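S.K.: my questions are about this predicted structure, shown below with the sequence.
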Amino acid sequence: MQHAIEVPSVALDSNESKRPEEALRESEERFRTLVQFSFDVYWETDAEHRFIRQEFAETLPEPPVSEIGRTRWEIPYLEPDADGWRKHREILDAHLPFRDFELARPMPDGGKRYISVSGLPIFDKTGNFVGYRGVGRHITERKRAEQALIESEARFRTFVDHATDTFMLHSEDGHVLDVNRNACESLGYSRTELVGATAALFDLEMDEATWRRNRERLKAGGIATLERRYCRKDGTVFPVEVRMREFCEVGQSRIICLSRDITERKRTAETFREMQAELTHANRAAAMGQVTASVTHELSQPITAVLCNAEAALNWLGTQSPNFEKAQQALVSIVTEAKRGGEIISWIRSLIKKAPAPKESVDVNGAILDVITIARSELLKHDVSIQTDLAPGLPLVKGYRVQLQQVVLNLILNAIEAMNCVDVGGRELRISTAADTNLVVVAVRDTGPGLDVAIVDRLFEPFYTTKPDGTGMGLSICQSIIEAHGGRLWTGANEPRGAVFHFSLPSQQE
């Protein structure tokens, strides 16, 4: 009975003695698996900080080298410097835990292998320090990526700071987050003064409502381009062109603003406008010189009529029985003819005058007929017959009447010159107008030799001419005038022969 009881007792003791060993092995396996998948090396050191154990992960890209028996700083290293090692050894000698201590070791190819090490101090049951246990991770790829990012950011910052434009980064509510060097130099503020401020500090036309409207434009169109007026810290105001774009950074909306000082561009544009006005005036004067005979003829008619009517009035009043009714009719005719002469002189003066009259509502048909009147003698001189096909009820256009008449006069004179080589009797000029949707279209057709297809694309180039004594500015000026009125000037072939010049103008909105 006693013996039967003892047997199971012995068997129980044997199983109990195996359980701790199995538990230890399982624990070690779990620990090893954890290390293998989480870190590249597990290590232990003694109280003198010499390695006494190292276990390397199987996934290391290069064969591990055992460092047993040596301290970490006795193994060849490239980083950190002496001060970095001194601080690390102070932590070890103080038996303190440490985390993510980074060092770099040389590689056979001359490069660096970066390692991040973390460790915990170990003490025995009596509290004596016996060494460290810890793990390490190879971070070479991460360091390379970090270095590449640092270099990229440095290159970008250098590029931005040396850019000739002003760069500003704004938050969603309009506050400045970052600026480049040009922003500080052009506005006269320091970076500290600009960061945290809003654009209202330097933008004379910026307020909260304007900022919100700009944000809406960005959401609708992607990029917004607008002209603003900036004010420097010293009070100087200058024009800028601003390009704005919104993007997302770490879940936050950001607005990048690129501003360019356009003072010189504005000055150049104004100079160009003045030069163009001078050329336009010179072109008008030259055109008037070509139709001097017509001007003389048109003025001589009302002057002759005035003279005749004046003599008639004197005769009616100089008789023994004055005919006051006839004299009155003669005087009315004098007034009418004088007004006509005055209108001709006024129109000629407007053509020759430097500054054009203000914009007005222009009757294109009436403007064309006035030009034909002035050019009539030139047409007769060169035996050119003229026909008109002017659409009735043509809508008005908004513009400078004298400039539009200058275009028509130039096209008429060009057509006359083009037909000089045509036999007498075959020289025909036809001017027509038409309404096309919201446009008024004018066509000037001639029966000359037509246009050489090789030069058609260059006809409107400044200073390009096929005439021996031409300046090459006539058609270029005509194109500038039409485009300034929101229209278009183009050319084509006339049938059966010759050329046709069209120009279109937007009709005046009711």
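M.R.: Nice, I can see it.
S.K.: output the below-cut-off pLDDT ranges for the stretch 351-500 of the chain.
M.R.: Within the stretch 351-500 of the chain, the ranges that satisfy pLDDT under 70 run 351-357, 424-425, 453-458, 460-474.
S.K.: now Leu103: how far from Trp43?
M.R.: Distance of Leu103 to Trp43, computed by CB to CB, to the nearest Å: 13 Å. Any C-beta I mention is one placed from the backbone N, CA and C, and that applies to glycine too.
S.K.: same check on Arg401?
M.R.: Arg401 is 95 Å from Trp43, by CB to CB.
S.K.: number of residues surrounding Asn420?
M.R.: If you count neighbours by other CB atoms under 10 Å, Asn420 ends up with 12.
S.K.: an error on my part: the question was meant for Glu185.
M.R.: Applying other CB under 10 Å, we find 10 residues neighbouring Glu185.
S.K.: the helix or strand it falls within packs against which elements?
M.R.: Element membership of Glu185 [criterion: DSSP states H and E] is helix 181-187. Counting contacts by 3 or more CB pairs under 8 Å, 6 or more residues apart in numbering; DSSP states H and E, helix 181-187 packs against strand 166-171, helix 191-194.
S.K.: and the ones you listed, which one's lowest on average pLDDT?
M.R.: Per-stretch mean pLDDT for the helices and strands packed on helix 181-187 is lowest at strand 166-171 (a mean of 86).
S.K.: give me the sheet partners of the following helix or strand past that one and which way each runs.
M.R.: Using DSSP H and E, the helix or strand that follows strand 166-171 in sequence is strand 176-179. Looking at strand 176-179 with DSSP bridges, its partner strands are strand 166-171 (antiparallel).
S.K.: for Ala199, list the residues it contacts.
M.R.: Contact partners of Ala199, counting by CB atoms under 8 Å, 6 or more residues apart in numbering, are 168, 170, 174, 176, 206, 211, 257.
S.K.: just the buried residues of the residues you listed.
M.R.: For the contacts of Ala199, a neighbour count by 16 or more other CB atoms under 10 Å gives the buried set as 168, 170, 174, 176, 206, 211, 257.
S.K.: so the first one sits against Arg254, correct?
M.R.: In this case it means Met168. No: here Met168 does not reach Arg254: they are 10.7 Å apart, not a contact under CB atoms under 8 Å.
S.K.: out of the helices and strands packed on helix 181-187, which is closest to Thr336?
M.R.: Of all those, strand 166-171 sits nearest to Thr336, with 65.8 Å by CB to CB.
S.K.: so where do the helices sit in the stretch 251-400 of the chain?
M.R.: Taking DSSP state H, counting those that start in this stretch, the helices of the stretch 251-400 of the chain run over residues 263-290, 292-318, 324-352, 364-381.
S.K.: can you flag the weakest of the ones you listed by average pLDDT?
M.R.: Minimum mean pLDDT among those: helix 263-290, a mean of 66.
S.K.: and Glu62, which of the three is it?
M.R.: What DSSP: H, G, I helix; E, B strand; the rest coil gives for Glu62 is coil.
S.K.: check the gap between Ile91 and Trp85 for me.
M.R.: Applying CB to CB, the value for Ile91 to Trp85 is 11 Å.
S.K.: over to Phe98?
M.R.: According to CB to CB, Phe98 and Trp85 sit 13 Å apart.
S.K.: can you check Ser118 too?
M.R.: Between Ser118 and Trp85 the computed distance is 17 Å (CB to CB).
S.K.: what do you get for Ile115?
M.R.: Distance, Ile115 to Trp85, using CB to CB: 14 Å.
S.K.: so for these two, which sits in the more crowded spot?
M.R.: Each of Ile115 and Trp85 has its neighbours counted (other CB under 10 Å); Ile115 has more, 20 against 16.
S.K.: that one belongs to a helix?
M.R.: No: looking at Ile115 with three-state DSSP, it is strand, so not inside a helix.
S.K.: to Thr271, which of the helices and strands packed on helix 181-187 lies closest?
M.R.: strand 166-171 (24.8 Å).
S.K.: just the pLDDT for Ala94.
M.R.: Looking at Ala94, the pLDDT reads 95.
S.K.: may I have the phi/psi pair for it?
M.R.: With angles defined as degrees, to the nearest 10, Ala94 sits at phi -90, psi 0.
S.K.: how about Arg497?
M.R.: When read as degrees, to the nearest 10, the backbone of Arg497 gives phi -150, psi 170.
S.K.: would you confirm that it contacts Thr447?
M.R.: Yes: between Arg497 and Thr447 there is a contact at 5.8 Å, judged by CB under 8 Å.
S.K.: of those two, who's got more company?
M.R.: Using other CB under 10 Å as the criterion, Arg497 and Thr447 rank with Thr447 on top: 21 against 13.
S.K.: so who does the residue nearest to the more buried one when sequence neighbours are not counted touch?
M.R.: Nearest-residue entry for Thr447: Gly498, 4.3 Å, with adjacent residues in sequence omitted and distances by CB to CB, 6 or more residues apart in numbering. Going by CB under 8 Å, 6+ apart, Gly498 touches 418-419, 445-450.
S.K.: hmm, which two among the residues you listed are most spread apart?
M.R.: Farthest-apart pair in the contacts of Gly498 is Arg445 and Pro449; separation 13.6 Å (CB to CB).
S.K.: which one of the two has more residues nearby?
M.R.: A count of neighbours by other CB under 10 Å puts Arg445 above the other of Arg445 and Pro449, at 23 against 14.
S.K.: how about the helix or strand where Cys248 lies: buried residues?
M.R.: Assigning secondary structure by DSSP H and E places Cys248 in strand 237-249. Neighbour-count burial for strand 237-249, with 16+ other CB under 10 Å as criterion, is recorded at 240-242, 244, 246.
S.K.: closest one of these to Glu79?
M.R.: Glu246 (41.6 Å).
S.K.: Asp203 and Arg229 touch, don't they?
M.R.: Yes: contact status for Asp203 versus Arg229: in contact at 7.5 Å, counting by CB under 8 Å.
S.K.: these two: who's more crowded?
M.R.: Taking neighbours as other CB under 10 Å, Asp203 and Arg229 compare with Asp203 leading, 19 against 13.
S.K.: once you drop chain neighbours, what's closest to the more buried one?
M.R.: Nearest-residue entry for Asp203: Arg228, 5.5 Å, with adjacent residues in sequence omitted and distances by CB to CB, 6+ apart.
S.K.: Provide the partner residues of that neighbour in its beta bridges.
M.R.: With DSSP bridges as the criterion, Arg228 is bridged to Val240.
S.K.: quick one: it and Val240 touch, right?
M.R.: Yes: in this structure Arg228 lies within contact range of Val240 using CB under 8 Å: 5.4 Å.
S.K.: what sits in contact with each of the two?
M.R.: Shared contacts of Arg228 and Val240 (CB under 8 Å, 6+ apart): Ser259.
S.K.: what helix or strand does Leu103 sit in?
M.R.: For Leu103, the enclosing helix or strand under DSSP H and E is strand 98-106.
S.K.: what about that strand, distance to the chain center?
M.R.: 49 Å (CA atoms, centre = their mean, to the nearest Å).
S.K.: tell me the SS of Lys219?
M.R.: helix.
S.K.: show the pLDDT at the residue nearest to it when sequence neighbours are not counted.
M.R.: In space, and not counting its chain neighbours, Lys219 is closest to Glu246: 7.1 Å by CB to CB, 6+ apart. Glu246 is assigned a predicted lDDT (pLDDT) of 85.
S.K.: and if you look at the one 10 residues further on?
M.R.: If you check Ile256, the pLDDT there is 85.
S.K.: do the same with Glu29
M.R.: We note a pLDDT of 61 for Glu29 in this prediction.
S.K.: before we move on, what about the one 3 residues further on?
M.R.: The per-residue pLDDT reported for Arg32 equals 59.
S.K.: hang on, Arg232 packs against Cys184?
M.R.: No: Arg232 is beyond contact range of Cys184, at 10.9 Å (criterion: CB under 8 Å).
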